[in-house]
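Novice: The sequence isn't on hand, but the structure is:
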């Protein structure tokens, strides 16, 4: 049973949604950016990728999320949360995630 809850924001009506994206190649990084642009939170999973390709995707997505005034947080090994502007991100105790800033 799905319960979509509309939220009134300064940006208009927002239907909260989380998208999980397991990237296999750089071309999929734009899917994460587009989802954030559409005001969705994205869990970006990069584990299992070549380190250079993973870093390339991370740099691209972090830069785009920053340009959209969003936030990006590391939530695990190779896993990042991308949140659009206006969405608060907090971590409970015991978490060792850190903000990702574009280079």
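Specialist: That came through, no problem. Please read these numbers as outputs of a predicted model, since none were measured by experiment.
Novice: quick one: contacts of the lengthiest helix in the chain?
Specialist: Longest helix of the chain, by residue count under DSSP state H: helix 51-67. Applying CB atoms under 8 Å, 6 or more residues apart in numbering, the contact partners of helix 51-67 are 23, 25-26, 28-29, 32-33, 36, 44, 46, 49, 71-72, 78, 80, 82-83, 100-103. Placement of C-beta: from N, CA and C, glycine included.
Novice: just the buried members of those residues?
Specialist: Buried members of those, scored by 16 or more other CB atoms under 10 Å, are 23, 29, 32-33, 36, 44, 46, 49, 71-72, 78, 80, 82-83, 100.
Novice: What about those residues, which are in helices?
Specialist: 29, 32, 33, 36.
Novice: Now residue 80. Nearest residue, chain neighbours left out?
Specialist: Distances taken as CB to CB, 6 or more residues apart in numbering put residue 44 closest to residue 80, at 4.6 Å, once the chain neighbours are dropped.
Novice: Same check on residue 79?
Specialist: Per CB to CB, 6+ apart, closest to residue 79 is residue 45, 5.3 Å.
Novice: Tell me who's in contact with that neighbour.
Specialist: 20, 21, 22, 23, 78, 79.
Novice: Over to residue 43?
Specialist: Counting by CB under 8 Å, 6+ apart, residue 43 has contacts 18, 19, 20, 21, 75, 79, 80, 81, 82.
Novice: Out of these, which two are the most distant from each other?
Specialist: The widest separation within these, taken as CB to CB, falls between 19 and 75 and amounts to 14.3 Å.
Novice: on that earlier part again, so which of the contacts of residue 43 wins on neighbours?
Specialist: When neighbours are counted by other CB atoms under 10 Å, residue 82 leads the contacts of residue 43 with 27 neighbours.
Novice: State the pLDDT value of that one.
Specialist: Each residue has a pLDDT score; the one for residue 82 is 95.
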